[in-house]
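Colleague: give me a model of this one.
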Amino acid sequence: MNILKRIFTPHANHKEQSFLLTNEDWQILASMLFSQINTSPIINPMVSKTDYIEYAYAYNSKVYSVISRRATAAKGIPWLVYRVKNAQKLREYSGMTNKALNLQKALMLKEQALEEVENTPINKLIKEPNPQYSWQGMIEGLFVYRDTTGDSYLYGVTNAKDVIQLFLMPADKVRIKPGSFVDPIKGYTLIDVYGNKLLDRDRVMHWKYFNPLWNNQGRNLYGLSPLVAAARIINSDNSALNHQNSAFNNEGIKGIVTGTENTEIEYTPEQAEKMRKKFKRAAQRAQDGEGNLYFQRPPIEYTEIGKSPVDLGVLESSQSYMDALCNVFHLHPALFSSDASTLDNLKEARKALMTMSVLPDMDDLRHTLNNFLGRYFGEQYYIDYDVMAIQELQDDLEKLSATLKGMDWITRNEKRTATNYDRYDDQAADILYSTMNEMPLGYSFDSGFDKIDTELEKLRKQYQQN
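Modeller: Predicted coordinates for the structure are as follows:
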């Protein structure tokens, strides 16, 4: 067993952790970073993560549209299992965070580093993580929870040596159980459940956003959702939509038609009550569609007392809220626009969705998944999403194919490797050819004329002798 495999096994991982805990430099730093880590039984996050699920994702259609668009794009990308052939090339490949920048290099490094395998325990795990979820559904859930709460959690059910099932945990209910200041995470627990049992941290995969809001109680150990930065935008949009719905459903009186200009007249209590009842009847007629004006007394003068959602700019501000949410998640607003003028941009917007928003997070998720599964299956296996299956990158693949077609200084197998196809077994596919009848370089071209000249010379000599 090599040293990397020992590191990735649970037992070796504990040894590595123990070595860190006894390191003097780490103890000095940890005493400052997590000096108040044990002030409560659990570490509470900075914000209510449930509120962001209930009042943003499940309540605001714009938030749902943005987050579900990312999650749907991510779950549509298939994952494959590989065996590592070259660890150095794998490090180079894993370090390429945006494959669209150099797709050819990424595919070539992947071919040099990995070979696809089937019928492994990880293949079975990806095929059916658990009876309730498919792998695609689990990827979708990981993205949705992480975008709404800042965190996603997977719990691995194990046998003696392998993970046999994976379960998605409700991210807003998960709490970190604190350890010592040198070992801040003891485990994880679920709030609002009976028993408050501790889940082993080695069986929990925690995928999170970076959180710069540090404090020495360990709150920065949770992720910070982009929705936190967009909270005021979401609140404003919710208020605007609530006002719009209220105006549509309970329209009420828009104005009063009256005639008096004497502002010194005071209402008696009886007159005020009578006026209130008239207003109530007028409001009901307005809601019933019988007019939204209230007539008081002649001569005629109109006083406006209500504005429509259009007058208040609710509809105009709605698009600005969507644009701001798109910016938070690195999306192009054209993905959510019905304006015909943006249709030409839709194709580029879909590509930007993958290359600028989804794929960088897929790379991060791939790293987190491999670290987690590597503890149990060892470093000889590697899981990765299939970049060739991403429809939005097909134009890049077509351009790459056209470029490779004109590159006569590389072999056919090198071209197939660059486009993620299997190599030919025929040795001729590893030979460079000239452009003339595709003759291998280093070979002379035999036109057959020399042989004809020799035969003609023999016939000429025979004729002369006769």
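Colleague: flag every buried residue along the host helix or strand of Ser318.
Modeller: Take DSSP states H and E as the rule and Ser318 turns out to sit in helix 314-328. Buried residues in helix 314-328, counted by 16 or more other CB atoms under 10 Å: 314, 318, 321-326, 328. (Each C-beta comes from the backbone N, C-alpha and C, glycine too.)
Colleague: and the closest residue to Pro45 other than its chain neighbours, how far is that from Asp151?
Modeller: Nearest non-adjacent residue to Pro45, counting by CB to CB, 6 or more residues apart in numbering: Tyr222, 4.6 Å away. When distance is defined by CB to CB, to the nearest Å, Tyr222 is 6 Å away from Asp151.
Colleague: joint contacts of those two?
Modeller: Lys208 (CB atoms under 8 Å, 6 or more residues apart in numbering).
Colleague: in the sheet, who's paired with Leu190?
Modeller: Val174 (DSSP bridges).
Colleague: that one: neighbouring residues, count only.
Modeller: 16 (other CB atoms under 10 Å).
Colleague: going forward, the N-terminal residue is numbered 698.
Modeller: Fine by me, first position is 698 from now on; the one you just mentioned is Leu887.
Colleague: tell me if I'm right that it and Lys870 touch.
Modeller: Yes - Leu887 is in contact with Lys870 according to CB atoms under 8 Å; the separation is 5.0 Å.
Colleague: name the helices or strands packed onto the helix holding Ser1015?
Modeller: helix 758-772, helix 923-926, helix 928-946 (3 or more CB pairs under 8 Å, 6 or more residues apart in numbering; DSSP states H and E).
Colleague: now do 7 Å
Modeller: helix 758-772, helix 928-946 (3 or more CB pairs under 7 Å, 6 or more residues apart in numbering; DSSP states H and E).
Colleague: now the first one: mean pLDDT?
Modeller: pLDDT averaged over helix 758-772 equals 96, rounded to a whole number.
Colleague: how about residues contacting that helix?
Modeller: Residues external to helix 758-772 that are found in contact with it (CB atoms under 7 Å, 6 or more residues apart in numbering): 753-754, 833-834, 836-837, 840-841, 844-845, 924, 931, 934, 1018-1019, 1022-1023, 1026, 1028, 1032-1033, 1050-1051, 1054-1055, 1059.
Colleague: go again using 8 Å as the cut-off
Modeller: Residues contacting helix 758-772 (CB under 8 Å, 6+ apart): 753-755, 833-834, 836-838, 840-841, 844-845, 924, 931, 934, 1015, 1018-1019, 1022-1023, 1026, 1028, 1032-1033, 1050-1051, 1054-1055, 1058-1059.
Colleague: buried set for that helix?
Modeller: 759-760, 763-764, 766-768, 770-772.
Colleague: will you turn these into JSON lines that also has distance to Asn939?
Modeller: Formatted as JSON lines, the buried residues of helix 758-772 follow (distance: CB to CB, whole Å):
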{"residue": "Lys759", "distance to Asn939": "14"}
{"residue": "Val760", "distance to Asn939": "15"}
{"residue": "Val763", "distance to Asn939": "20"}
{"residue": "Ile764", "distance to Asn939": "21"}
{"residue": "Arg766", "distance to Asn939": "24"}
{"residue": "Arg767", "distance to Asn939": "26"}
{"residue": "Ala768", "distance to Asn939": "26"}
{"residue": "Ala770", "distance to Asn939": "30"}
{"residue": "Ala771", "distance to Asn939": "32"}
{"residue": "Lys772", "distance to Asn939": "32"}
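Colleague: thinking again about what came up before, pick out the lowest-pLDDT one from the buried residues of helix 1011-1025.
Modeller: For the buried residues of helix 1011-1025, the pLDDT minimum is Val1011, 55.
Colleague: related to what we said a few turns ago, what residues sit buried inside the next helix or strand after the helix holding Ser1015?
Modeller: Once helix 1011-1025 ends, the next helix or strand along the chain (criterion: DSSP H and E) is helix 1040-1049. Buried positions in helix 1040-1049, judged by neighbour count with 16+ other CB under 10 Å: 1042, 1046-1049.
Colleague: quick one on the thing from earlier: by how many degrees do the helix holding Ser1015 and helix 1040-1049 diverge?
Modeller: 30 degrees (axes from the mean of the first three to the mean of the last three CA atoms, to 10 degrees).
Colleague: what comes into contact with helix 1011-1025?
Modeller: Contacts of helix 1011-1025 (CB under 8 Å, 6+ apart): 759-760, 763, 923-924, 926-927, 930-931, 933-934, 937-938, 940-941, 1006, 1029-1030, 1032-1034.
Colleague: again with stretch 909-927
Modeller: Counting by CB under 8 Å, 6+ apart, 729-734, 736-737, 740-744, 746, 749, 753-754, 760, 843-848, 873, 875, 881-882, 905-908, 931, 1021-1022, 1025-1026 sit against stretch 909-927.
Colleague: okay, now the unreliable bits of the stretch 698-847 of the chain?
Modeller: 698-716, 794-799 (pLDDT under 70).
Colleague: mind listing the strands for it?
Modeller: For the stretch 698-847 of the chain, applying DSSP state E, counting those that start in this stretch gives strands covering 776-781, 811-813.
Colleague: just send the ones you listed back as a markdown table, with mean neighbour count too.
Modeller: Formatted as a markdown table, the strands of the stretch 698-847 of the chain follow (neighbours: other CB atoms under 10 Å):
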| stretch | mean neighbour count |
| --- | --- |
| strand 776-781 | 18 |
| strand 811-813 | 15 |
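Colleague: now render the ones you listed as JSON lines, adding distance to Leu1066.
Modeller: Shown next, in JSON lines, are the strands of the stretch 698-847 of the chain (distance: least, CB to CB, whole Å):
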{"stretch": "strand 776-781", "distance to Leu1066": "9"}
{"stretch": "strand 811-813", "distance to Leu1066": "15"}
